[in-house]
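[1] okay, sequence plus prediction incoming.
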Number of protein chains: 2
Amino acid sequence: MFGEEKPVGVAVLGLGNVGRELVRIIEDTAGDLAARIGAPLALRGIGVRRVAADRGMPVELLTDNIEELVTREDVDIVVELMGPVEPARKAILSALEHGKSVVTANKALLSQSTGELAQAAENAHVDLYFEAAVAGAIPVIRPLTQSLAGDTVVRVAGIVNGTTNYILSEMDRTGADYARALADASALGYAEADPTADVEGYDAAAKAAILASIAFHTRVTVDDVYREGITKITPDDFASARALGCTIKLLAICERITTEQGQQHVSARVYPALVPLTHPLASVNGAFNAVVVEAKAAGRLMFYGQGAGGAPTASAVAGDLVMAARNRVLGSRGPRESKYAQLPVLPIGFTSARYYVRMYVADNPGVLSSVAAEFAKRAVSIAEVRQEGVVDEDGQRVAARIVVVTHNATDSAVSETVAALADLDVVQRVAAVLRLEGTGP
Amino acid sequence: MFGEEKPVGVAVLGLGNVGRELVRIIEDTAGDLAARIGAPLALRGIGVRRVAADRGMPVELLTDNIEELVTREDVDIVVELMGPVEPARKAILSALEHGKSVVTANKALLSQSTGELAQAAENAHVDLYFEAAVAGAIPVIRPLTQSLAGDTVVRVAGIVNGTTNYILSEMDRTGADYARALADASALGYAEADPTADVEGYDAAAKAAILASIAFHTRVTVDDVYREGITKITPDDFASARALGCTIKLLAICERITTEQGQQHVSARVYPALVPLTHPLASVNGAFNAVVVEAKAAGRLMFYGQGAGGAPTASAVAGDLVMAARNRVLGSRGPRESKYAQLPVLPIGFTSARYYVRMYVADNPGVLSSVAAEFAKRAVSIAEVRQEGVVDEDGQRVAARIVVVTHNATDSAVSETVAALADLDVVQRVAAVLRLEGTGP
């Protein structure tokens, strides 16, 4: 039925979990994909670092000559699943310059070089799709760029990193400390040998940059994203969170902020935050991802599913591949980069949130008053204070723990307050400063 | 910046809540929309049944001559928000035949005439978008047609009618009976004066037909959808549901079913079902909608948000409008109808589910055995039975209530069993037959 149509040539770069699943989908569902595209897909080659016979793939498809593969005449679409920024960047730019449409899941690259890649796609009049770069199988790029194209997005807040969500869920569930939860995650394959990119929030920050760019029609790079990781979260933080009816989640938050002068700004930030148990993101556990989008007309939407893993990520890549192939067959093009708004990025100091501050102080009368005075001096309004004695092994009161929850305050005012508190003689230690999210209307 | 581009002419048909919100979006965010489209939108006219001066709209835009409006030379896109099947069908066909792209939220029309409308759009090489027809602001059409274009959708299950979900949520929360919950919903504007389309499941069935069509690349009309409404649900059903750890939701379910002979079928059905409280759909309350999609590679995805209301629906319509306008400017086209699979629709009798059957029987020894025998005769396997005495006002045991929960069984086997039970002398009444959904893996 479709045999007479000229096939759409595909090159796949990278043969990890996602690449293998994608090749499986292309082979196992060839008839369905051909019917949806209007022409069959033809897998022209698979770019790998080193050609080896034991990969369970037809060895004649494998090549380590990426440049030759992506510029082949019979390749129409290049799917980049190699991983690091280089050599992926070079391969993608070369493919685009040679008129190939590109599908990529490379969030690190996209969050550094969106502009460069988008411009190259624009110059060549081809598609650049990257649904799989954020939240795996969960459609978020397409809903933001297309479904909400007529609305005004106000805020995007998501759990977009499965590794940290698994670790935090385990800490909450079992009372384990960070090190043990990380070890468990590694043992189960949920954390990489070097977990830095996940636990320090770099991965989530890259996704926040991509989400902010498309939600606000503004180029936002990973360097614009404020970032805190989860390595300092303790069981005490979870105990305090529970006492406040919350759990702790690593959130990527992208916000449209209108200043008092009426100027619009963008804020993009990643940090662990206290989230009320009644908030939809609180019940997103384990390796799952979820993204909440708030738009002026649509209200609050939530998208939920598997944010990582070979098959789910390959599903998102395959969707992009089919759309890019359809466009080839029809002579159409999908949505391009929209960056007309170019809103300035608001530095973290000017953003507001509610804060939770936990500190240990001398167990003397008058200490609470001194602590409260430091908040008041910087106009940080306190919503709630709890003070309780801390006893040593012999049952002696040796200190008091004070937990302060503020009303909305700017990051800079809270930072100054915390620095001043740390300088007070009566304050032994400011043990934790975390934001509260999702407590608003 | 965009003033030199030729504007994209828009005609809006219907000026209810959604139409008004759409016109507001077109006017209030004209600059943003123009930047996203690459040309400004120009509202050419608004079709209404009767032109009146008090609508708060520029009266010169209003017209009751729909045919003239949709065929105007300077109209590129027609947005149909009039409501009933006719005259919407005629207006849309006329618009398509005259080369206009069409955006509609008309689920009743789409679920009767998808094929006819899609063919007309195909003949004219224009777009036919209908994101707003299912689940209001929640993107489901685009994720199914585009994001999952490379995957194999297995099942779509959703709460897609806000009126019935509000009524069932209230019955669950307050213990009210159906009539009172319906009256409350009407008083709050959640139910229409004639609630038949909602409470009898017609609206949900229309959406199920649309979802099944796009999920399975098969034309499914509303006549193919099995349908039960919620009017017979009682507080006793909710009490039983709670005892089983469940609540009751009106679900639209679309399934790909492979028979023992290996043949693929589609099933589309709407009915109230017991849903475990741990299932994500159980916590979707009030007027909210949610759709769970299960695909082979992606796994389980959930989409959640406001399924009705002027502004949320207008958001979805505006997204379609922007995409259709962009395609006009770029000379592109969006995805077309995909109906290559043409899977046969499986009659309800052949579909399987777990069942909950509640009946009142004579309070005699041996009754349970007779009841169980009727299930066994038709190979319906029982998972759980509860029997308890029912007392009258004087505290006298007058009957026994038996609740049976089955393992998976075909609808026809259960229907026959229920008919046989009703014929038994010892059975006073079979009070409820409901399916259990979401109890599987």
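    Nice, I can see it. Numbers count the residues shown, from 1 in each chain, chains lettered A, B, ... in the order given.
[2] and the residue of the stretch 201-350 of chain A at minimum distance from chain B, what element?
    Of all residues in the stretch 201-350 of chain A, residue A:318 sits closest to chain B, at 2.4 Å by CB to the nearest CB. Where C-beta positions appear, they are placed from N, C-alpha and C, glycine not excepted. For residue A:318, the element it lies in under DSSP states H and E is helix A:310-330.
[3] now for residue A:424: which residues touch it?
    A:370-371, A:374 (CB atoms under 8 Å, 6 or more residues apart in numbering or on different chains).
[4] ah, wrong one, I meant residue A:200
    A:227, A:229, A:231.
[5] repeat that with 6 Å
    Neighbour list for residue A:200: residue A:229 [criterion: CB atoms under 6 Å, 6 or more residues apart in numbering or on different chains].
[6] what do you get for residue A:400?
    Residues counted as contacts of residue A:400 (CB under 6 Å, 6+ apart) are A:361, A:363, A:387, A:389.
[7] what does chain A put close to chain B?
    A:35-36, A:137, A:139, A:142-143, A:146-151, A:297-299, A:301-306, A:311-312, A:314-315, A:318-319, A:321-323, A:332-333, A:338, A:340 (CB under 6 Å from any CB of the partner chain).
[8] what helices or strands is the helix or strand encompassing residue A:360 leaning on?
    Element membership for residue A:360 (DSSP H and E) is strand A:352-361. For strand A:352-361, the packing partners by 3 or more CB pairs under 6 Å, 6 or more residues apart in numbering or on different chains; DSSP states H and E come out as strand A:397-406, strand A:427-436.
[9] ok, which of those strands comes nearest residue A:292?
    strand A:427-436 (15.5 Å; CB to CB).
[10] so which of the contacts of residue A:424 wins on neighbours?
    Neighbour counts for the contacts of residue A:424 peak at residue A:371, which has 25 neighbours (criterion: other CB atoms under 10 Å in any protein chain shown).
[11] now the stretch 51-200 of chain A against chain B: closest residue?
    residue A:150 (2.4 Å).
[12] hang on, isn't that residue packed against residue B:318?
    Yes: with contact defined as CB atoms under 6 Å, residue A:150 counts as touching residue B:318 (2.4 Å).
[13] circling back to that earlier point, the strand holding residue A:360: what's the following helix or strand?
    With elements assigned by DSSP H and E, the helix or strand that comes after strand A:352-361 is helix A:367-377.
[14] relative to strand A:352-361, how tilted is that following helix?
    Angle of helix A:367-377 versus strand A:352-361, following axes from the mean of the first three to the mean of the last three CA atoms, to 10 degrees, is 150 degrees.
[15] output the contacting helices and strands for helix A:367-377.
    helix A:411-423.
[16] mind checking how far the residue lying farthest from the centre of chain A is from chain B?
    The C-alpha centroid of chain A is most remote from residue A:394, which lies 46.0 Å away (CA atoms, centre = their mean). Counting by CB to the nearest CB, to the nearest Å, the gap from residue A:394 to chain B is 45 Å.
[17] one step back: can I get the contacts of residue A:424 in TSV with pLDDT and distance to residue B:212?
    Formatted as TSV, those follow (pLDDT from 0 to 100; distance: CB to CB, whole Å):
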residue	pLDDT	distance to residue B:212
A:370	94	67
A:371	95	61
A:374	96	62
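[18] and of those residues, the nearest to residue B:185?
    Ranked by distance to residue B:185 (CB to CB), the contacts of residue A:424 are led by residue A:371 at 50.7 Å.
[19] for the residue nearest to residue A:302 when sequence neighbours are not counted, grab phi and psi.
    Using CB to CB, 6 or more residues apart in numbering or on different chains and skipping the chain neighbours, the partner closest in space to residue A:302 is residue B:304 (4.2 Å). Main-chain dihedrals, residue B:304, degrees, to the nearest 10: phi -140, psi 140.
[20] neighbours around residue B:304, how many?
    25.
[21] make sure it is actually in contact with residue B:289.
    No: assessed by CB under 6 Å, residue B:304 is found out of contact with residue B:289, at 7.5 Å.
[22] okay, and residue A:22 sits in which element?
    Here residue A:22 is covered by helix A:17-28, with elements defined by DSSP H and E.
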